[in-house]
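Participant: Quick check, what structure comes out for this input:
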Amino acid sequence: MARILIVDDSPSQLMGIRRIVEKLGHEALTAEDGAAGVEVAKRELPDLILMDVVMPNLNGFQATRSINRDATTQHIPVVLVTTKDQDTDRVWGMRQGAKAYITKPFSESELAEIVGQLLGGPAAA
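Facilitator: As a prediction, this is how the structure comes out:
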């Protein structure tokens, strides 16, 4: 069982992603914006972070960059999970240090596959 941090400012998205993460047998941690996500990442050192992009305070690109530049958190893979579906957004997100990029709406199996790949386990939903 891995510990996965979900960072999203939408309560419904947070609950939906949490349900999938827990169904996959992992522990879900949550944060409601990028700044809180960075704080939780530093404090809890999760195995994986699922990060929204469009959020108040610190957006997902900024939070991902911060996590990747911090020596205590740079080993944690970040997956951007966002409605931003332009190629430039994807390229920019990967340049900030994201290991994968998923656009909303996504399927449960799509999320499960990426989580499995990044955690090195089976990708079953």
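Participant: where's Pro56, which helix or strand?
Facilitator: For Pro56, there is no enclosing helix or strand under DSSP states H and E.
Participant: what number of residues lie near it?
Facilitator: Neighbour count for Pro56, taken as other Cβ atoms under 10 Å: 10. Where C-beta positions appear, they are placed from N, C-alpha and C, glycine not excepted.
Participant: was I right about Gly93 contacting Leu80?
Facilitator: Yes. Gly93 is in contact with Leu80 according to Cβ atoms under 8 Å; the separation is 4.5 Å.
Participant: got any residues that touch both of the two?
Facilitator: Val53, Gly60, Phe61, Thr64, Tyr101 (Cβ atoms under 8 Å, 6 or more residues apart in numbering).
Participant: got the contact list for the last one?
Facilitator: By Cβ under 8 Å, 6+ apart, Tyr101 lies in contact with Val79, Leu80, Thr82, Arg90, Gly93, Met94.
Participant: May I see the shared contacts of Gly93 and Leu80 organised as JSON lines, with pLDDT and distance to Val40 added?
Facilitator: Below are those laid out as JSON lines (pLDDT from 0 to 100; distance: Cβ to Cβ, whole Å):
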{"residue": "Val53", "pLDDT": "97", "distance to Val40": "17"}
{"residue": "Gly60", "pLDDT": "98", "distance to Val40": "14"}
{"residue": "Phe61", "pLDDT": "98", "distance to Val40": "18"}
{"residue": "Thr64", "pLDDT": "98", "distance to Val40": "14"}
{"residue": "Tyr101", "pLDDT": "97", "distance to Val40": "21"}
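Participant: So the residue nearest to Ile102 when sequence neighbours are not counted, which state does it fall into?
Facilitator: Distances taken as Cβ to Cβ, 6 or more residues apart in numbering place Val81 nearest to Ile102, at 4.9 Å, with adjacent residues excluded. Following DSSP: H, G, I helix; E, B strand; the rest coil, the label given to Val81 is strand.
Participant: count of residues packed around Val81?
Facilitator: Neighbour number of Val81 under other Cβ under 10 Å is 25.
Participant: isn't it right next to Pro105, touching?
Facilitator: No. The criterion here is Cβ under 8 Å, and Val81 misses it with Pro105 at 10.3 Å.
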